[in-house]
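# build me a model from this:
(one chain, ligands or ions: 1)
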Amino acid sequence: AALAEIKKQDEVLNSFVTVDEEGALKRAEEVQKSIDSGELTGPLAGVPIAIKDNMCTKGLKTTCSSKILYNFEPTYSAEAVLNLEKAGMVVIGKTNMDEFAMGSTTETSAFGVTRNPWNTEHVPGGSSGGSCAAVASGETPCALGSDTGGSIRQPSSFCGITGIKPTYGTVSRYGLIAYGSSLDQIGPVAKDVTDCALLLEAIASYDKKDSTSVKRESYDFTSALKDDVKGLRIGIPRDYFGEGLNPEVAAAVKTAAKVLEEKGAVVEEFDLSLVDYAIPAYYVIASAEASSNLARFDGVKYGYRTEEYEGLHNMYKKTRSEGFGPEVKRRIMLGSFVLSSGYYDAYYLKALRTKALIRQAFDRAFEKYDVILGPAAPTTAPKLGESLSDPLQMYLGDVYTISANLAGLPGICLPCGMDTKGLPIGLQLLGDCFKEEHIIRAAYAYE
Ligand code: GLN
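Numbers count the residues shown, from 1 in each chain. Coordinates of the predicted model:
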């Protein structure tokens, strides 16, 4: 059924870079046998899932939506993908994204833009836009995305679906092609909170192959699915409702807070006062890490190599000039600059100090609150083409999501209304590290 839906819709939506029809059908048959024999019993057995194209899938093309990896077939699968397969899920294909997850609209993909299923003149958000459009359109019941600065939460918001960015270290990054290693986390996107919690339970694991993986006390995320927020302390940062926030988004989010209050949560406004610093700190740190992580794509080890060249240095240069798109080049240049001698202290070190202050501000907030509630993005989905001409404007759109990555916090985004143009509005709930339980509880009670 999922494959039929993709056939029907994907020519317009372009949610997928690769559809693995043959592999999926074969795997589905095997899974069916294991279900029939009683070997596989869990709730995810036999359920189709799509994977963002920055997670390695053995023998199945993994491109990061970049020309430089256009033909790359990994020899192993990401740990998160293996975990899904253990639960009996069927991978149906790889979804489109901003090139190397750099962007907020899925327009920087080398394989064409993905369209928003609610209105195909609008973007689905990004960078996990393919995964979110695929879920919103019913091409797949669920998908995996990755979130470095909001790439699960913001496209979930634009597509009217639910997505979770787990606490840093909860899901193994082994086999996730790195963008900003200290910020990247894999997470689920699906139709509702229950499906997301089930998927998170399946993908979360301690993995010694990822040096930042954390051994958690519990990997139970579904016990929090209780319609009960009595006494749950919810803080709303006043700073999140300032200049630049679309009034329709503000109204929908405030109404959502009222609903939770009526259900028994204790809701209060407070000052988080770090909004102004999150964007500059994030773009310095993420670009610095990206410039280092992307050094490996040199035409020797993976993917694309330029056709004509003179000597090794010229081969590197031509391969990278031709293989990377403009947004990726911008980040590599910015990152190399802030890491270069003479500028390191002024930019990179200062950004790290800012990150520490942001973490402290959240620590103080979580002494008083269990959940921080706000919008996921300042607007609903913009029209295709509107954001590309002005990268700075696009970076500013990440204002509500990126501080969670800088502090390692878990966050969930779920739908909380529609604007007058018929585009979805998203509600974001942030929790303290390792407290997914709180945000899942609040989200489930609200939905
Ligand atoms: N829009 C942000 C960026 O371009 C976040 C992307 C992400 O989370 N992968 O860096």
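
# mind checking how far the host helix or strand of Ile439 is from the chain centre?
Using DSSP states H and E, Ile439 sits in helix 436-446. Distance of helix 436-446 from the chain centroid (CA atoms, centre = their mean, to the nearest Å) equals 19 Å.

# what is that helix packed up against?
Here helix 436-446 touches strand 162-165, helix 193-203, helix 247-262, strand 371-375, strand 411-418, strand 424-431, going by 3 or more CB pairs under 8 Å, 6 or more residues apart in numbering; DSSP states H and E. Every residue, glycine included, has its C-beta placed from N, CA and C.

# give the rounded mean pLDDT of the last one.
When pLDDT is averaged along strand 424-431, the result is 98.

# can you dump the C-alpha atoms of it in CSV for me?
In CSV, the C-alpha atoms belonging to strand 424-431 read as follows (Å, rounded to 0.1, in the frame of the first residue of the first chain):
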residue,chain,number,x,y,z
PRO,A,424,-0.3,23.6,9.7
ILE,A,425,1.1,25.3,12.8
GLY,A,426,3.4,23.4,15.2
LEU,A,427,3.7,23.4,19.0
GLN,A,428,7.1,22.7,20.5
LEU,A,429,7.7,21.2,23.9
LEU,A,430,11.2,21.0,25.3
GLY,A,431,12.3,18.9,28.3
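
# list the strands paired with it, with their directions.
strand 371-375 (antiparallel), strand 411-418 (antiparallel) (DSSP bridges).

# the very next helix or strand once past the first one packs against which elements?
On the C-terminal side of strand 371-375, the closest following helix or strand by DSSP H and E is helix 391-396. When contacts are defined as 3+ CB pairs under 8 Å, 6+ apart, helix 391-396 sits against helix 275-293.

# C-alpha coordinates for the helix it packs on, CSV please?
What follows is helix 275-293, C-alpha atoms only, in CSV (Å, rounded to 0.1, in the frame of the first residue of the first chain):
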residue,chain,number,x,y,z
VAL,A,275,17.1,33.9,22.1
ASP,A,276,19.4,36.5,20.7
TYR,A,277,22.6,34.4,21.2
ALA,A,278,21.4,31.0,20.0
ILE,A,279,21.6,31.7,16.3
PRO,A,280,25.1,33.1,16.1
ALA,A,281,26.5,30.5,18.4
TYR,A,282,24.8,27.7,16.5
TYR,A,283,25.9,28.8,13.0
VAL,A,284,29.5,29.2,14.2
ILE,A,285,29.6,25.8,15.9
ALA,A,286,27.6,23.8,13.3
SER,A,287,29.7,25.3,10.4
ALA,A,288,33.0,24.6,12.2
GLU,A,289,32.0,21.0,12.8
ALA,A,290,30.7,20.7,9.2
SER,A,291,33.9,22.0,7.7
SER,A,292,35.8,19.3,9.5
ASN,A,293,33.3,16.5,8.9
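
# and the helices in the stretch 101-250 of the chain?
129-137, 153-159, 193-203, 247-262 (DSSP state H, counting those that start in this stretch).

# the first one near the ligand anywhere?
No - Helix 129-137 stays clear of the ligand (CB under 6 Å from any ligand atom), getting no nearer than 10.6 Å.

# for that helix, output the C-alpha coordinates as CSV.
What follows is helix 129-137, C-alpha atoms only, in CSV (Å, rounded to 0.1, in the frame of the first residue of the first chain):
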residue,chain,number,x,y,z
GLY,A,129,11.5,17.6,4.5
GLY,A,130,11.3,14.4,2.5
SER,A,131,10.6,12.3,5.6
CYS,A,132,7.9,14.7,6.9
ALA,A,133,6.2,15.2,3.5
ALA,A,134,6.2,11.4,3.0
VAL,A,135,4.4,10.9,6.4
ALA,A,136,2.0,13.9,5.9
SER,A,137,0.9,12.6,2.5
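
# return the distance of it from the chain's centre.
12 Å.

# ok, now stretch 356-374?
In terms of CA atoms, centre = their mean, the centre of stretch 356-374 is found 21 Å from the chain centre.

# how many residues are close by the nearest residue to Phe434 once chain neighbours are set aside?
Leaving aside its sequence neighbours, Phe434 sits nearest to Thr167 (CB to CB, 6 or more residues apart in numbering; 5.2 Å). Thr167: 22 surrounding residues under other CB atoms under 10 Å.

# so Thr167 makes contact with Ile412?
No - look at Thr167 against Ile412 with CB atoms under 8 Å: they stay out of range, at 11.8 Å.

# got the residues of the stretch 151-300 of the chain near the ligand?
Neighbours of the ligand within the stretch 151-300 of the chain, by CB under 6 Å from any ligand atom: Ser151, Tyr179, Ala286.

# which one (most neighbours) among those?
In terms of neighbour count, Ser151 stands highest of those at 36 neighbours, by other CB under 10 Å.

# roughly how far does that one sit from Arg353?
25 Å (CB to CB, to the nearest Å).

# where does the stretch 101-250 of the chain dip in pLDDT?
Applying pLDDT under 70 to the stretch 101-250 of the chain flags no residue at all.
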